[in-house]
Every structure is written in C-alpha cells, then in structure tokens.
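Visitor: heads up, no residue letters with this:
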C-alpha cells in the first residue's frame, strides 16, 4: 500500500482537550501507511466572503495544506448538539471560494468524544451533514462516539483496553477506507 498523508483536524482548542488525546492515540495506533499530522485551526479568522479576493495568509496556508493530503480525520467534541464554532469555521475556510473547495473528494472519518454519556453523537452527525455537501466520502463504519472520555485516560495515556481495541479497529478501517477512495 502507498503511504497516504492524513490531516487530523481537532474541533477543540482547550489545552487539556480529550479529543486531542484521542487524536494522538489514533496517530500512535495508525498503520504505517498513514502519515498523520495535526493541522491546527485556532489561528483561522472567522470566515468572511469579503476576503475571497484577497484571503488572509492563514486561509491560503490552511487551504494548501488540506489540498496536499489524501484524507482527513475529524476529532470533535459537541457544543450545544453541534460542532464547535472553530471546526465549522475551518470547514467554511477550506470550502471557499465557491467552486474551489480544498475538501473536495477527500475521504474522511469522524470520531467524537465527550465526558457525557452521548459521546458527542449530535456533533458527529451534524458534521457528517456538511461532509456530504463537501463531497467528502465519510467512513460509515465503524461509527465512533466515545462517551465518558474523562474516565478513560490517565494524563495522555489511554487506560481502557476495550477502548484501545476499538480505536485500533477504527484507525485500521480508516486506512482501508482512505486507500479505497484516494486518487
């Protein structure tokens, strides 16, 4: 199998983000054919269509980095039954100007985690609605909602073996999904 470059987009800016921990765990568990890199989104100014003719350098750099990857892994918490504003903004920045979306055709997967019982189910599915519009084939199975995430880690170390096995299956399935859909 070819090596595939994967952008990891984390929908939380919090220093002690559970979703960042999950992302890093997935990066450690990833098969060698996935070259995974976290692409930060907190530096992106709120999208404004007035900037399409002369975009800020952060927009241009972000779009170029997304265009350069073979797939995208989204790791998100849930805020008010949806994705955090910073993640929606990154999606909007990458999708514009109209007709020049950096996301187009990129195979992706969504994993969501929260300290609550729902595992950020609402955010996971709300994000998938945008991915359909962006023409991003989203991995349908295994679905990934990690609940009670605060009890599964000691610092940055995942301590729950069944969750680690689930994440291994998830990232292995994602590698297969990317290979099937990458150009």
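Guide: Cool, got the structure. All values derive from a computational prediction rather than experimental measurement.

Visitor: does the most centrally placed residue in the chain sit in a helix, a strand or a coil?
Guide: Nearest to the geometric centre of the chain sits residue 74, at 1.1 Å (Cα atoms, centre = their mean). Three-state assignment for residue 74 (DSSP: H, G, I helix; E, B strand; the rest coil): strand.

Visitor: Report the beta-bridge partner residues of it.
Guide: Residue 74 has these beta-bridge partners by DSSP bridges: residue 9, residue 110.

Visitor: Just give me the neighbour total for residue 129.
Guide: Residues contacting residue 129 under the criterion other Cβ atoms under 10 Å number 11. To be clear about C-beta, it is placed using only N, CA and C from the backbone, and glycine gets the same treatment.

Visitor: hmm, who's touching stretch 101-111?
Guide: With contact meaning Cβ atoms under 8 Å, 6 or more residues apart in numbering, stretch 101-111 is reached by 22, 26, 62-64, 66-67, 69-76, 91, 94-95, 124, 127-128, 131, 134-139, 144-146, 170, 173-174, 177-178, 180-183.

Visitor: Give the buried residues for the top helix by length along the chain.
Guide: Looking across the chain with DSSP state H, the single longest helix is helix 161-181. Judged by neighbour count using 16 or more other Cβ atoms under 10 Å, the buried positions of helix 161-181 are 163, 167, 170-171, 173-175, 177-179, 181.

Visitor: now swap in stretch 78-91 and tell me
Guide: Going by neighbour count (16+ other Cβ under 10 Å), the buried part of stretch 78-91 is 78-79, 82-84, 86-91.

Visitor: In JSON lines: the residues you listed, plus pLDDT and secondary structure.
Guide: What follows is the buried residues of stretch 78-91, written out as JSON lines (pLDDT from 0 to 100; DSSP: H, G, I helix; E, B strand; the rest coil):
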{"residue": "78", "pLDDT": "90", "secondary structure": "coil"}
{"residue": "79", "pLDDT": "90", "secondary structure": "strand"}
{"residue": "82", "pLDDT": "91", "secondary structure": "strand"}
{"residue": "83", "pLDDT": "96", "secondary structure": "coil"}
{"residue": "84", "pLDDT": "96", "secondary structure": "coil"}
{"residue": "86", "pLDDT": "98", "secondary structure": "helix"}
{"residue": "87", "pLDDT": "98", "secondary structure": "helix"}
{"residue": "88", "pLDDT": "98", "secondary structure": "helix"}
{"residue": "89", "pLDDT": "98", "secondary structure": "helix"}
{"residue": "90", "pLDDT": "98", "secondary structure": "helix"}
{"residue": "91", "pLDDT": "98", "secondary structure": "helix"}
